[in-house]
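# Sequence unavailable; structure follows:
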């Protein structure tokens, strides 16, 4: 069933399917993790879902934002969310496979790329959700980690920035892919829901052809948070 919810405390509405798809806290954290955008920087959000990340960024900046979503029904939710918030002039969402980006814009065209991609590897033996939309969002059926880095690399200008949220248990694989594509990690943030448990997600800032300076931020505990707005403000 389609519902319209408040997008936390950002003063926006977001359209969701209560049975099939809802944006995750990870999307909010990724949007908040983005450093201050400079005027005229162009942003690409792959795996945009119902456009939670572009919507949140639009509350902070006026930069043009493009989102890509492969699932048509989820793409339609994104369009509705953008429309009811009167952001059609700033946010453009494309219904397409991120790997087919050449059908929509030239390469090396963006300053910022973001990805909250499927987290889980897909194998024939994988236990996946019976609902295809959830399976595609959670499992690497159409887009895997290698694809994410390749799409980011091909779309970013030199010294452009790639922001990624993913699972800590794939840390080694993530850093290997980054190295293969000549991305340099600049900032890492581990996020915890409980101080006595392992990190639940990790956020990365990569720079295309950047230098080797890395900041590992203090652990972020989000237990019982009522707001995530400006959570990374220093």
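Happy to help now that I have it. These numbers come from a predicted model, not from an experiment.
# how close does residue 83 get to residue 55?
11 Å (Cβ to Cβ, to the nearest Å). The C-beta positions use only the backbone N, C-alpha and C, and glycine is treated the same way.
# Check which helices and strands the longest helix anywhere in the chain is in contact with.
Looking across the chain with DSSP state H, the single longest helix is helix 72-84. If contacts are counted by 3 or more Cβ pairs under 8 Å, 6 or more residues apart in numbering; DSSP states H and E, helix 72-84 sits against strand 13-17, helix 52-58, strand 65-69, strand 91-95, helix 132-138.
# now with 10 Å?
On a contact count with 3 or more Cβ pairs under 10 Å, 6 or more residues apart in numbering; DSSP states H and E, helix 72-84 meets strand 2-6, strand 13-17, helix 52-58, strand 65-69, strand 91-95, helix 132-138.
# which of residue 83 and residue 55 has more neighbours?
A count of neighbours by other Cβ atoms under 10 Å puts residue 55 above the other of residue 83 and residue 55, at 27 against 12.
# show me where this structure has strands.
Assigned by DSSP state E, the strands in the chain fall at 2-6, 13-17, 43-46, 65-69, 91-95, 110-115, 156-166, 183-192, 201-208, 215-216, 220-221.
# Of those, flag the one that's most buried.
Among the strands of the chain, the stretch with the highest mean neighbour count (mean count of other Cβ atoms under 10 Å) is strand 43-46, at a mean of 27.
# in its sheet, what does it sit against?
Applying DSSP bridges, strand 43-46 is found paired with strand 65-69 (parallel), strand 110-115 (parallel).
# Let me have the ones you listed in a markdown table, extended by mean pLDDT and distance to residue 1.
Output for the strands paired with strand 43-46, formatted as a markdown table (pLDDT from 0 to 100; distance: least, Cβ to Cβ, whole Å):
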| stretch | mean pLDDT | distance to residue 1 |
| --- | --- | --- |
| strand 65-69 | 97 | 20 |
| strand 110-115 | 98 | 28 |
